[in-house]
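K.L.:
take this sequence and fold it.
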Amino acid sequence: MSQPAKILMVDDNPMVLFATGHLLRSEGFTVIEAKDGAECLAKARAGQPDLVLLAIDADTLGDALKWEPSRGGDLFPHLYGPLPISTTASARTLAMSEDGTSEGIRSA
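P.N.:
Predicted structure coming up:
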């Protein structure tokens, strides 16, 4: 039996972390939460997530972003439209070696 995928989620808004984390856990994912970039990198090195979600500036999405109830009733952000690259601060990959140590940050 395979282990659930790990998702590293980063947001400086605790409500977004709570609601999104709750939904992802209810779907069977293991969720690692971080409140900023520094914490994200530390947790990425320690937890080796299978997927890293980018922090998005929700204020720049305008009316395309709607907060709607999820299956459990918690509000969850739904984006109705494209996700512009300009809403992300940066895109980086964290190269990890077999023993879990960082080989450095590379531009995407």
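
K.L.:
quick one: contacts for residue 62?
P.N.:
Going by CB atoms under 8 Å, 6 or more residues apart in numbering, residue 62 touches no other residue. All C-beta atoms are positioned from the backbone trio N, CA, C, and that covers glycine.

K.L.:
from residue 44, how far out is residue 87?
P.N.:
Residue 87 sits 21 Å away from residue 44, going by CB to CB, to the nearest Å.

K.L.:
what about the two, which has more around it?
P.N.:
residue 44 (21 against 17; other CB atoms under 10 Å).

K.L.:
my guess is the more buried one meets residue 6, correct?
P.N.:
No. The criterion here is CB atoms under 8 Å, and residue 44 misses it with residue 6 at 9.9 Å.

K.L.:
ok, residue 87 - contacts?
P.N.:
Contact partners of residue 87, counting by CB under 8 Å, 6+ apart, are 56-57, 60-61.

K.L.:
how about residue 35: what's its closest non-neighbour residue?
P.N.:
Spatial nearest neighbour of residue 35, excluding adjacent residues (CB to CB, 6 or more residues apart in numbering): residue 12 at 5.8 Å.

K.L.:
quick one: secondary structure of that neighbour?
P.N.:
What DSSP: H, G, I helix; E, B strand; the rest coil gives for residue 12 is coil.

K.L.:
tell me where the protein has strands.
P.N.:
Ranges of strands within the chain are 6-10, 30-34, 51-52, 65-69, 75-79, 92-96, 102-107, based on DSSP state E.

K.L.:
show the average pLDDT along the last one.
P.N.:
When you say that, I think you mean strand 102-107. Across strand 102-107, pLDDT averages out at 52.

K.L.:
who does residue 56 form a beta bridge with?
P.N.:
For residue 56, the beta-bridge partners are residue 88 (DSSP bridges).

K.L.:
ok, now which ones touch it?
P.N.:
So residue 56 contacts 83, 87-88 (CB under 8 Å, 6+ apart).

K.L.:
low-confidence stretches in the chain?
P.N.:
Scanning the chain for pLDDT under 70 picks out the ranges 1-2, 47-54, 89-108.

K.L.:
let's see it at 80
P.N.:
Along the chain, the model assigns pLDDT under 80 to residues 1-5, 37, 41, 44-56, 83-85, 88-108.
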